[in-house]
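Undergrad: the amino acid sequence is not available; the structure is as follows:
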């Protein structure tokens with residue numbers, strides 16, 4: 001919705017000393033109305049997306065969290081006698097959740113293409129009386145491949161959701177867990193290119209905790225994924241975050257060559273041990289509150305003055321072919337401190353590396369002596385980094401990252417010249 005531009009009238013200004021105040025008030029009301037219309041539009045858009053998902057699987061929005069597969073890759077229904085409804089209680093899931101830094105690599109969103117479709121689920125009209133759950137099954141109408149692939153990952157989302165932030169009292173309420181599952185299920189349908197990957201629940205959880213309105217939580221998560229979705233883009237030969245790991249290796253090689261050589265000797269030259277930190281933005285290394293504090297500082301350092309305008313664009317128009325946000329020319333003083341450093345040095349062809357990579361480099365640098373003395377294998381490296389959980393200071397980590405960033409840029413610039 002577009003509102004007319006407000007222009008002051010000189011004739012009115014002559015007769016009223018309060019005209020400027022009135023104009024200011026009207027402008028403020030106009031901005032409020034524009035914001036309300038935007039929120040209403042996004043609320044409607046989310047409601048439509050969720051309704052589309054409900055039409056394909058009525059578990060969405062029902063309060064049930066699917067944790068067992070209910071459909072094969074050929075579209076045929078899986079009969080599960082243990083959990084006929086495909087759901088599970090939070091308490092019954094006690095398996096450890098990706099304690100290893102590398103365990104999240106196991107999830108592969110590139111499902112094998114469905115070549116033939118046999119008996120398929122046409123409608124999930126679930127008639128719940130107690131624990132009873134009935135499904136209408138039809139074998140005459142083949143299901144679209146995209147729908148089958150989306151339905152296949154629903155239980156994977158559920159398995160992650162029931163293990164996300166288990167220590168928070170907030171998630172003792174099953175309806176909050178269901179909200180998290182709904183948002184991730186709808187996002188997986190909306191962003192078919194990425195779908196869902198393990199670790200997204202960690203990124204989405206803070207939005208659900210902080211924002212009561214489900215649509216608001218969804219769109220905040222969607223905006224976050226515009227920054228992060230490249231990390232989750234996987235192929236048969238590479239993981240999206242691999243580029244950042246390569247940059248981390250290059251940064252460590254320049255700033256702490258002794259540590260880099262040691263890690264290479266241990267077989268950790270690919271820096272895969274830092275996979276988890278970059279994928280979920282240090283959600284496991286810091287407490288819930290400290291992780292959010294760290295996020296705020298990171299995003300302030302990376303601030304883009306046109307970021308709000310880009311967030312008002314649709315997902316497809318805001319992303320280019322590489323999954324990165326469109327960037328325009330801006331005045332240097334408008335950028336965050338981290339980005340200003342990049343602009344000041346003006347290195348052509350310098351790899352775009354987020355502050356998160358330098359945060360990991362800072363953590364490695366701070367613990368360099370321990371890693372050199374105690375790490376005799378890659379498992380020791382993982383253990384030393386895991387032992388840092390809850391002991392890291394977000395403010396110091398950001399400060400250290402900025403110092404390393406400046407130092408690295410100076411050395412890189414000298415190398416170029």
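TA: Noted; the coordinates are in hand. In this text, all values refer to a predicted model and were calculated from it rather than measured experimentally. Numbers count the residues shown, from 1 in each chain.

Undergrad: contacts, neighbours, all on C-alpha from now
TA: Will do.

Undergrad: does the closest residue to residue 388 other than its chain neighbours count as helix, strand or coil?
TA: Beyond its immediate neighbours in the sequence, the residue positioned closest to residue 388 (C-alpha to C-alpha, 6 or more residues apart in numbering) is residue 285, lying 6.9 Å away. Following DSSP: H, G, I helix; E, B strand; the rest coil, the label given to residue 285 is coil.

Undergrad: my read is that residue 285 contacts residue 384, right?
TA: No. Assessed by C-alpha atoms under 8 Å, residue 285 is found out of contact with residue 384, at 11.8 Å.

Undergrad: out of the two, which sits in the busier spot?
TA: Taking other C-alpha atoms under 10 Å, residue 285 and residue 384 do not tie; residue 285 has more neighbours (20 against 16).

Undergrad: model confidence for that one, exactly?
TA: With respect to pLDDT, residue 285 scores 90.

Undergrad: what sits against it?
TA: Residue 285 makes contacts with 277, 291, 386, 388-390, 392, as judged by C-alpha atoms under 8 Å, 6 or more residues apart in numbering.

Undergrad: only the buried subset of these, as a PyMOL command please.
TA: Of those, the buried ones can be selected in PyMOL as follows, counting by 16 or more other C-alpha atoms under 10 Å:
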select buried, resi 277+291+386
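
Undergrad: pull the most distant pair out of the contacts of residue 285.
TA: 291 and 386 (15.4 Å; C-alpha to C-alpha).

Undergrad: gap between the nearest residue to residue 148 once chain neighbours are set aside and residue 150?
TA: Counting by C-alpha to C-alpha, 6+ apart, residue 148 lies nearest to residue 75, which is 5.9 Å off, once chain neighbours are set aside. Using C-alpha to C-alpha, to the nearest Å, residue 75 is found at 11 Å from residue 150.

Undergrad: more crowded one of the two?
TA: Between residue 75 and residue 150, counted using other C-alpha under 10 Å, residue 75 has the larger neighbour count: 26 against 23.

Undergrad: tell me the secondary structure of that one, please.
TA: coil.

Undergrad: and it, what's its pLDDT?
TA: With respect to pLDDT, residue 75 scores 77.

Undergrad: would you confirm that it contacts residue 147?
TA: No. Look at residue 75 against residue 147 with C-alpha under 8 Å: they stay out of range, at 9.1 Å.

Undergrad: residue 379: which of the contacts of residue 285 is nearest?
TA: Taking C-alpha to C-alpha as the measure, residue 379 lies nearest residue 386 of the contacts of residue 285, at 10.4 Å.

Undergrad: who touches that closest one in this structure?
TA: Residues in contact with residue 386 (C-alpha under 8 Å, 6+ apart) are residue 285.

Undergrad: what mean pLDDT does stretch 386-394 get?
TA: The average pLDDT for stretch 386-394 rounds to 89.

Undergrad: repeat that for stretch 230-250.
TA: 83.

Undergrad: what is the end-to-end distance of it?
TA: End-to-end span of stretch 230-250 (C-alpha to C-alpha): 20 Å.

Undergrad: show me the helices in the stretch 101-250 of the chain, by range?
TA: Using DSSP state H, counting those that start in this stretch, the helices of the stretch 101-250 of the chain run over residues 145-161, 174-190, 200-210, 214-228, 242-255.

Undergrad: just put those in TSV and tack on distance to residue 300.
TA: Below are the helices of the stretch 101-250 of the chain laid out as TSV (distance: least, C-alpha to C-alpha, whole Å):
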stretch	distance to residue 300
helix 145-161	29
helix 174-190	26
helix 200-210	18
helix 214-228	14
helix 242-255	20
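
Undergrad: of these, which is nearest residue 47?
TA: For the helices of the stretch 101-250 of the chain, proximity to residue 47 was assessed by C-alpha to C-alpha; helix 214-228 is nearest, at 7.6 Å.

Undergrad: same for the closest one, what does it pack against?
TA: Here helix 214-228 touches helix 19-56, helix 174-190, helix 200-210, going by 3 or more C-alpha pairs under 8 Å, 6 or more residues apart in numbering; DSSP states H and E.

Undergrad: looking at those helices, which has the lowest confidence?
TA: Comparing mean pLDDT across the helices and strands packed on helix 214-228, the weakest is helix 19-56, with a mean of 67.

Undergrad: rewinding a little: of all the helices of the stretch 101-250 of the chain, which lies closest to residue 64?
TA: Here helix 174-190 is closest among the helices of the stretch 101-250 of the chain (C-alpha to C-alpha), at 6.5 Å.

Undergrad: coming back round to it: go through the helices of the stretch 101-250 of the chain and name the closest to residue 44.
TA: With C-alpha to C-alpha, the closest approach to residue 44 among the helices of the stretch 101-250 of the chain belongs to helix 214-228: 8.6 Å.

Undergrad: re earlier: looking at the contacts of residue 285, which is nearest residue 212?
TA: The closest of the contacts of residue 285, once distances to residue 212 are taken by C-alpha to C-alpha, is residue 291, at 19.8 Å.

Undergrad: what secondary structure does residue 258 sit in?
TA: State at residue 258, reduced to three classes by three-state DSSP: helix.

Undergrad: number of nearby residues for the residue nearest to residue 77 when sequence neighbours are not counted?
TA: Spatial nearest neighbour of residue 77, chain neighbours left out: residue 71 (4.5 Å); criterion: C-alpha to C-alpha, 6+ apart. Residues lying near residue 71 (other C-alpha under 10 Å) number 20.
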